[in-house]
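J.: Just a sequence and a predicted model for now, questions to come.
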Amino acid sequence: MRLQLRTKLFLNLNSKIILSILGEKKKKKRPQQYAMFLFASSLFVFLAACSLVSAQNCGTSRRRPWRSLSCSEQDAYLDAAQRLKATGLWDELVRVHFESGDWGHEVPMFLLWHRWYVFIFERELQRVSGSCLTVPYWDWERRSSFETVFHEDTFGSIDVRGCVRDGIAAGWSVAENGRCLLRDFDYRMEISSDVEIVNRITNSDEFRVFAPNLEGAPHTNLHSWVGGPMRDRWAPDGS
């Protein structure tokens, strides 16, 4: 089974259309261009969401931290992830993220593009599971949450080579090169605290300042901290 063509076209081509409104990202952008971007992006997301057919009518999603899920809820999510991997859609979504390249990163539409991307991922999980589960989040500012995420019974621990050896990702390979799913945790790197994040957001008076602050840290720093494919555009492979 393949990802719906209109979904894949939206993820890739809509980015090109929006950027054509803004012009090349390295050029100086005027305030009215940002307004056009926000309007056009919202319109595209609305139209695409209306056309997306889902097997479940789950309503509004409520994100919850992984640690707050019950054992049965965690098992249901892990089972859905394995089912999605088995269909080949997981790898295709990983490839879509890679192919997005500069269209969905280091540009004003970074947040919008990834919100839609997670929305599509969640809908596919709901479809293969036949339930209204939602994508949880890892509250990484709580260091204690590390053990519940990278655990042998959940998303997997690593062997001496750094390859994931157990959990749902045991035996998974990277779509980029077919090698083992690698995690290379950089324990020397400082991860932004929740206070730092709030300060970074509240001290950004303009979107062009806020966006790179958010994408650069904590977003990019956390990718680098986990390591492996999480350090590049193949990141969904390492999640």
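T.: That came in fine, so what should we check first?

J.: per the record, what domains does this structure have?
T.: 1-137, 139-239 (automatic domain parsing).

J.: Comparing those domains by mean pLDDT, which bottoms out?
T.: Between the domains of the chain, the lowest average pLDDT goes to domain 1-137, which shows a mean of 72.

J.: rewinding a little: same list (the domains of the chain) but as CSV, adding mean neighbour count.
T.: To be clear about C-beta, it is placed using only N, CA and C from the backbone, and glycine gets the same treatment. Converted to CSV, the domains of the chain look like this (neighbours: other Cβ atoms under 10 Å):
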stretch, mean neighbour count
domain 1-137, 15
domain 139-239, 15
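
J.: Residue 120 belongs to a helix, doesn't it?
T.: Yes. Membership of residue 120 in a helix is supported by DSSP: H, G, I helix; E, B strand; the rest coil.

J.: wait, it sits on residue 92?
T.: No. If you go by Cβ atoms under 8 Å, residue 120 and residue 92 don't touch, sitting 10.7 Å apart.

J.: Surely residue 62 touches residue 134?
T.: Yes. Taking contacts as Cβ under 8 Å, residue 62 lies within contact range of residue 134: 6.2 Å.

J.: Name the helix or strand for residue 123, please.
T.: Element membership for residue 123 (DSSP states H and E) is helix 110-129.

J.: residues touching residue 214, list them.
T.: 111, 200-201 (Cβ atoms under 8 Å, 6 or more residues apart in numbering).

J.: Can you list the residue ranges for strands in the chain?
T.: Here the chain has no strands by DSSP state E.

J.: Tell me the bridge partners for the nearest residue to residue 161 once chain neighbours are set aside.
T.: Distance criterion Cβ to Cβ, 6 or more residues apart in numbering; nearest residue to residue 161, sequence neighbours excluded, is residue 180 at 7.3 Å. Applying DSSP bridges to residue 180 gives these bridge partners: residue 173.

J.: how near is residue 213 to residue 162?
T.: 30 Å (Cβ to Cβ, to the nearest Å).

J.: next one: residue 187
T.: Distance from residue 187 to residue 162, by Cβ to Cβ: 13 Å.

J.: Residue 121 and residue 135 touch, don't they?
T.: Yes. Between residue 121 and residue 135 there is a contact under Cβ under 8 Å: 6.5 Å.

J.: picking that back up, and the residue nearest to residue 161, what is it in contact with?
T.: 161, 163-164, 172-174.

J.: got these as CSV, with distance to residue 80 columns?
T.: CSV is the format used below for the contacts of residue 180 (distance: Cβ to Cβ, whole Å):
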residue, distance to residue 80
161, 28
163, 24
164, 18
172, 15
173, 20
174, 21
